[in-house]
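>>> Fold the following.
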Amino acid sequence: MTFTSDSASTRFSGALNYSNQTIDTVTSTIAVFKALSIDDQLAVLWYAYTEMGKSITPAATGAARLQLAEGLLNQIKQMSHAEQLEAMRDLAGQKNTQVSRSYGIFSANTKLAFWYELAELMAKGFVVPVPPGYQISRDGAQVLQTLKELDFGQQITVFRKVVTEMGVDPLAD
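Residues are numbered from 1 along each chain as shown. The predicted structure follows:
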């Protein structure tokens, strides 16, 4: 299913007309995020973690067993930039790869921490960054704007839902 920027605007504005605005806004944000291209999903995560990382960090890393993710993060650091980008795309696209299966066994909190740490590694130059001049789509920009307007609990709910569904659960086969 393809969404245009008009459909994203309709989803977001339509969500505000319901009596339970919080749930509908969160649900709509998740739905529009999932409809983004893989590269825009990765860009939203990158921008969200770098722009809002100060508020996301304590919940993500404090509650997670980050040591479980360190091995996978180190593995990704050892890859070429092209391989790193492909691994991130595979995670977001739920492709059945060794990296996606390794990620799939993490808890929701560890997955949140994984993406936070990955953004940190990107910012430090250890992992391929978002290309200079990358232009996020209108829908991606709308998701980012909506995320900024959500309270901390709503932001974590959105992030938890999207990162939990990434990767491949090796036990689900």
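
>>> Show me what the longest helix along the chain is packed up against.
Counting residues, the longest helix in the chain under DSSP state H turns out to be helix 108-124. In terms of contacts (3 or more Cβ pairs under 8 Å, 6 or more residues apart in numbering; DSSP states H and E), helix 108-124 is packed against helix 38-51, helix 53-63, helix 66-77, helix 152-164. Yep, even glycine has a C-beta here, placed from its N, CA and C like the rest.

>>> and the next element down the chain from it?
The helix or strand immediately downstream of helix 108-124 is helix 138-149, counting by DSSP states H and E.

>>> Which strands or helices does that next one pack on?
With contacts taken as 3+ Cβ pairs under 8 Å, 6+ apart, helix 138-149 sits against helix 5-15, helix 21-35, helix 38-51.

>>> any idea how far the spatially most central residue of the chain lies from residue 171?
Geometric centre of the chain, nearest residue: residue 45, 4.0 Å, by Cα atoms, centre = their mean. Going from residue 45 to residue 171 by Cβ to Cβ, to the nearest Å gives 24 Å.

>>> next one: residue 158
25 Å.

>>> Residue 131 now?
From residue 131 to residue 171 the distance is 35 Å (Cβ to Cβ).

>>> next one: residue 83
For residue 83, the distance to residue 171 - Cβ to Cβ - is 26 Å.

>>> More neighbours: which of the two?
The neighbour comparison of residue 83 against residue 171 (other Cβ atoms under 10 Å) goes to residue 83, with 13 against 8.

>>> tally of neighbours for residue 122?
Residue 122 sits with 20 neighbouring residues when counted by other Cβ under 10 Å.

>>> again, but for residue 84
For residue 84, the count of nearby residues is 21 (other Cβ under 10 Å).
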